[in-house]
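Visitor: Turn this into a model:
(chains A and B)
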Amino acid sequence: MNAIEALVGELGRLPGIGRKTARRLTYHLLKSSKHDARRLARAIERVAAEVRVCGACGNLSDMEPCEYCRSPRRDPAQVCVVEEASDIPAIENSGNFGGLYHVLGGRLSPLDGVGPEDLNIRALLRRLDTPIREVIIATNASVEGEATATYLQRLLASAADVTVTRLARGLPVGGDLEYADGVTIAEAFAGRREM
Amino acid sequence: MGVSEAACAKALGQPLGSALRTGFPTGKFPCGVRLFAVFYGPVTKRPEAPSICQPEASSAPFLRRLILRDYRNFERLECEFPEAGVAIIGPNGSGKTNLLEAICYLEVFRSFRGVRDRELVRFGQTVFRVEGEVEGVMSVAAAYDRSQRIKKVEVDGLEVERVSAGIGSVGVAAFRLADAEIVRGGPTLRRRFLDVALSVGVPDYLPALQRYRSLLSQRNEALRRGGSNDEIEAWTEGLVEAGGVLTERRAAWVSEGAERYAGFYARISGGDDARLRYSASIASHGGTDGAVGAGSWEGRFRHALERTRERERRQGMTVVGPHRDEIRFEVEVPEGPRDLRSYGSSGQQRTAALALRLLEADRLRERLGREPLYLLDDVFAELDEGRSDRLFRLFESERGGQVILTAPKPGDVGLMGGKLARWCLRNGRLIA
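Guide: Residues are numbered from 1 along each chain as shown, chains lettered A, B, ... in the order given. Sure, this is the predicted structure:
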């Protein structure tokens, strides 16, 4: 296989990238300066060589422990549980959470062969020895995410004296009520607040 | 399915709207049928129209016009229906059910026979198109391209963003030959009947049903894999919540309609005492019967799951819940209630199915605030003369809506048929 086809093949294996897009990206790299292509290659190599799973929280980082676990400015009394490491930047960008994270590495889904033993749950239980007051469960609002939240809530409640909370569900900020689906509106009604 | 206008226009060669507006010869036809004998070929025009075909001015909406192109065995068909309706007589295999299926397609945008869209395209063709004009309400058009797997739906000339947004706008009550299977077939068919009826009529039903189904398959898989009690419990929480909603809505639909159902059954059968009951598997696994809300069904469901835990572990599946519920059709005889599924005659089972569909049509009528369009596909086949006559009379006296019925023999059409225009259907062609 020639070099061009080899790169098309590799790019095409990435999620969300089909054969056509892979080809377009390849030719884009060929047209741009060699410096750009090498920089991309170096970045990929660096990620592969340096990024590891944080032993404490399961986050992906080139530091051990990761930047959140080692930061003295973060509140160790609050831990936010997410499905994937890629959920952390979304929460960080909100600028609203100053606690620590815990990455499960997936969610319960027996149909995909994922049971509790396949998730990073034992490490979470070990962390309960530290002065954690609140565990915030931020799994997705899907059927699987909800079941995972239920599982964790029951487990944590029986294991330690800790407050377990779940992110609220309802209308997106800036969203039109008119365009929201029935289930979301029902959730928003159920979770309404006194003003 | 993603349906973009550009993609569909490409598939169809031109925007659907303009295709519908220009694709057929225009011109006003006071009544009757236009036939295109060959593709884009000469038009077979009916010379004289009997007066019965003249649509009279009225406020009740009715299907005035239907245009089919490459749908099943219809190459090209354009017809104008009389306001009162029509009896379509044709031998087996002439396309009677196909015609009613096409009308129903405009209501649900899928085959009422459960056939895939691509199988509805006429043999050797790639695109079918169905267009209908409901007098005083709207026009609806649907097209499907099997090569691109694109479906496009237009209501009043505007493409709907999602096909589901156009569902139920015509208001069709379909009575089919296969309906008797609801009574005599397996319980899955009876649950599906309720699921469809409630998904259309109750806003929170479909989301609960979808949620219940995914939770159930996940929970069953966890049971099959021998998951821990805690893991099973994680799936139980949502299951009882969604299942409580399903059971409550279904039981309410049946209990609120039971009296009317019994009325319909008595009218068609000539006075038989019939009952419709919702039998919740939750209720038979502990807990009491009686009128209860969704919250209480939820509690009873949880309780029933606890009681059956050992069995579900053994069998590797959830053995109680709305997915195991039943609708029972009974007739009172001197010896007590008799279950029609096991002991009913063909005629009794057919009568129960008709009464059930009449009940569904009543609900539809309430929701629409007007008469729906009644499609009767060969439903008289198993009825004796008395029952056929009484059914006809029921439609005549109480149903103001348009009736389009089919039968293989003119003799099957009976009393009401005498009042309806009769058209013959042969090899995909309508002859008035």
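
Visitor: Show me where the stretch 101-250 of chain B has its strands.
Guide: With DSSP state E, counting those that start in this stretch as the criterion, the stretch 101-250 of chain B has strands at B:127-134, B:138-145, B:150-155, B:158-159, B:172-175.

Visitor: Am I right that residue B:405 is in contact with residue B:419?
Guide: No. Residue B:405 is beyond contact range of residue B:419, at 11.4 Å (criterion: Cβ atoms under 8 Å). Bear in mind the C-beta positions are built from the backbone N, C-alpha and C, glycine included.

Visitor: picking that back up, out of the strands of the stretch 101-250 of chain B, which is closest to chain A?
Guide: Evaluated with Cβ to the nearest Cβ, those place strand B:158-159 nearest to chain A, the distance being 17.6 Å.

Visitor: what packs against that closest one?
Guide: helix B:16-22 (3 or more Cβ pairs under 8 Å, 6 or more residues apart in numbering or on different chains; DSSP states H and E).

Visitor: Now the helix it packs on: average pLDDT?
Guide: With pLDDT averaged residue by residue, helix B:16-22 scores 34.

Visitor: care to break the chain down by domain?
Guide: With no chain named, the answer covers chain A. With domains defined by automatic domain parsing, chain A comprises A:3-50, A:75-166.

Visitor: looking at chain B here, not the other one
Guide: Partitioning chain B according to automatic domain parsing yields domains covering residues B:5-171+B:414-431, B:181-345.

Visitor: Quick one: the strands of the stretch 101-250 of chain B as JSON lines, columns for mean pLDDT too.
Guide: Output for the strands of the stretch 101-250 of chain B, formatted as JSON lines (pLDDT from 0 to 100):
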{"stretch": "strand B:127-134", "mean pLDDT": "96"}
{"stretch": "strand B:138-145", "mean pLDDT": "94"}
{"stretch": "strand B:150-155", "mean pLDDT": "93"}
{"stretch": "strand B:158-159", "mean pLDDT": "90"}
{"stretch": "strand B:172-175", "mean pLDDT": "92"}
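
Visitor: can you redo these as a markdown table with mean neighbour count?
Guide: Listed next are these as a markdown table, based on neighbours: other Cβ atoms under 10 Å in any protein chain shown:
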| stretch | mean neighbour count |
| --- | --- |
| strand B:127-134 | 22 |
| strand B:138-145 | 23 |
| strand B:150-155 | 21 |
| strand B:158-159 | 14 |
| strand B:172-175 | 24 |
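
Visitor: Can I get those strands in JSON lines including distance to residue B:208?
Guide: Written out in JSON lines, the entries for the strands of the stretch 101-250 of chain B read as follows (distance: least, Cβ to Cβ, whole Å):
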{"stretch": "strand B:127-134", "distance to residue B:208": "31"}
{"stretch": "strand B:138-145", "distance to residue B:208": "28"}
{"stretch": "strand B:150-155", "distance to residue B:208": "26"}
{"stretch": "strand B:158-159", "distance to residue B:208": "30"}
{"stretch": "strand B:172-175", "distance to residue B:208": "25"}
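
Visitor: Quick one: closest of those to residue A:114.
Guide: Go through those one by one with Cβ to Cβ and the one that ends up closest to residue A:114 is strand B:150-155, at 34.3 Å.

Visitor: Report the angle between the closest one and strand B:127-134.
Guide: Counting by axes from the mean of the first three to the mean of the last three Cα atoms, to 10 degrees, strand B:150-155 points 10 degrees away from the direction of strand B:127-134.

Visitor: and the angle from strand B:150-155 to strand B:138-145?
Guide: Going by the same axes, to 10 degrees, strand B:150-155 is angled at 170 degrees with respect to strand B:138-145.

Visitor: Packing partners of the longest strand along chain A?
Guide: Ranked by residue count under DSSP state E, the longest strand found in chain A is strand A:75-82. With contacts defined as 3+ Cβ pairs under 8 Å, 6+ apart, the packing partners of strand A:75-82 are helix A:87-94, strand A:99-103, helix A:122-127, strand A:134-137.

Visitor: Any chance of a markdown table for these, columns distance to residue B:94, mean pLDDT and mean neighbour count?
Guide: Formatted as a markdown table, the helices and strands packed on strand A:75-82 follow (distance: least, Cβ to Cβ, whole Å; pLDDT from 0 to 100; neighbours: other Cβ atoms under 10 Å in any protein chain shown):
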| stretch | distance to residue B:94 | mean pLDDT | mean neighbour count |
| --- | --- | --- | --- |
| helix A:87-94 | 60 | 94 | 13 |
| strand A:99-103 | 64 | 97 | 24 |
| helix A:122-127 | 68 | 92 | 15 |
| strand A:134-137 | 62 | 96 | 20 |
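
Visitor: re earlier: what residues do residue B:405 and residue B:419 have in common as contacts?
Guide: Residues touching both residue B:405 and residue B:419 by Cβ atoms under 8 Å, 6 or more residues apart in numbering or on different chains: none at all.

Visitor: The two - which one has more neighbours?
Guide: When residue B:405 and residue B:419 are compared on other Cβ atoms under 10 Å in any protein chain shown, the one with more neighbours turns out to be residue B:405, at 26 against 14.
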